[in-house]
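> Any chance you could fold what I've pasted below:
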Amino acid sequence: MTWSKLDIINLAFNVLNKSSVNTLSDSGEFSDSADRAFDMLLPAELAVQSWRFATKVQQLSVLVAPPDLARWTYQLQLPADYLAAVQIFPRIGYQIYKDKVYCNHNNVVLEYRYVPKTTDLPAYFVHYFVLKLAAWFANAVANDDNLAKGIEGKANFELQKALFTDSQSHPIPAMGNNPITQVRGGWGDWGSWRTGGSY
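Numbers count the residues shown, from 1 in each chain. This is a model prediction of the structure:
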């Protein structure tokens, strides 16, 4: 199933026992505030968490003009839909200023977060974000702190569930053959220690 911006806002309205609207324009002050809040809160929420569904990998374009900082050799253009950096390849030193990356390599790939189309948002995120919006509406528009706190608590619970679900698309690799996981000497002979054998 896909959701539009209007669908998500209406779901947030319903959490507050407010009737749905057919359009966000000419539907009153509350709808106008909801429209602007959505545009502010969605990128903010996507930027502060490592959502895999909102992550891209892209080769950066090198700009012809040299950087105006002596420390760096190249300046590269950030993607137009860039929201927040995750990591850069190869693993090098870099700095981001405005819409550019400054570094000493000219072959750079950036993993970054962006704002997907609303219709591409997964259900687990929409469930959380609806509650986040409703809590914001309750506090900023309805001016009901108690209601806002109650919904915020539910939103935080759904956030943890959503982050867990989202993380399944990027599993943590097994440690494998790592000195930290290899216990030597008697402590490695766990069976002997448990049964009173020598260790």
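> worst-scoring helix or strand of this structure, pLDDT-wise?
helix 190-194 (a mean of 40; mean pLDDT, DSSP states H and E).
> the helices in the chain, which residues?
5-15, 29-48, 123-140, 145-167, 190-194 (DSSP state H).
> quick one, the fourth one and helix 29-48 angle?
Pointing back at helix 145-167 there. Compare the direction of helix 145-167 with that of helix 29-48 by axes from the mean of the first three to the mean of the last three C-alpha atoms, to 10 degrees and you get 40 degrees.
> Which strands or helices does helix 145-167 pack on?
With contacts taken as 3 or more C-beta pairs under 8 Å, 6 or more residues apart in numbering; DSSP states H and E, helix 145-167 sits against helix 123-140. Placement of C-beta: from N, CA and C, glycine included.
> Can you name the residues in contact with the helix it packs on?
Residues outside helix 123-140 that contact it (C-beta atoms under 8 Å, 6 or more residues apart in numbering): 1, 3, 8-9, 11-13, 15-16, 30, 33-34, 37-38, 41-42, 45, 51, 53, 121, 144-145, 147-149, 151-152, 154-155, 158-159, 161-162, 165-166.
> Pull out the buried members of those residues.
Neighbour counting with 16 or more other C-beta atoms under 10 Å marks 3, 8-9, 11-13, 15-16, 30, 34, 37-38, 42, 45, 51, 121, 147-148, 151-152, 154-155, 158-159, 162, 165-166 as buried within the contacts of helix 123-140.
> Kind regards, and thank you for your time.
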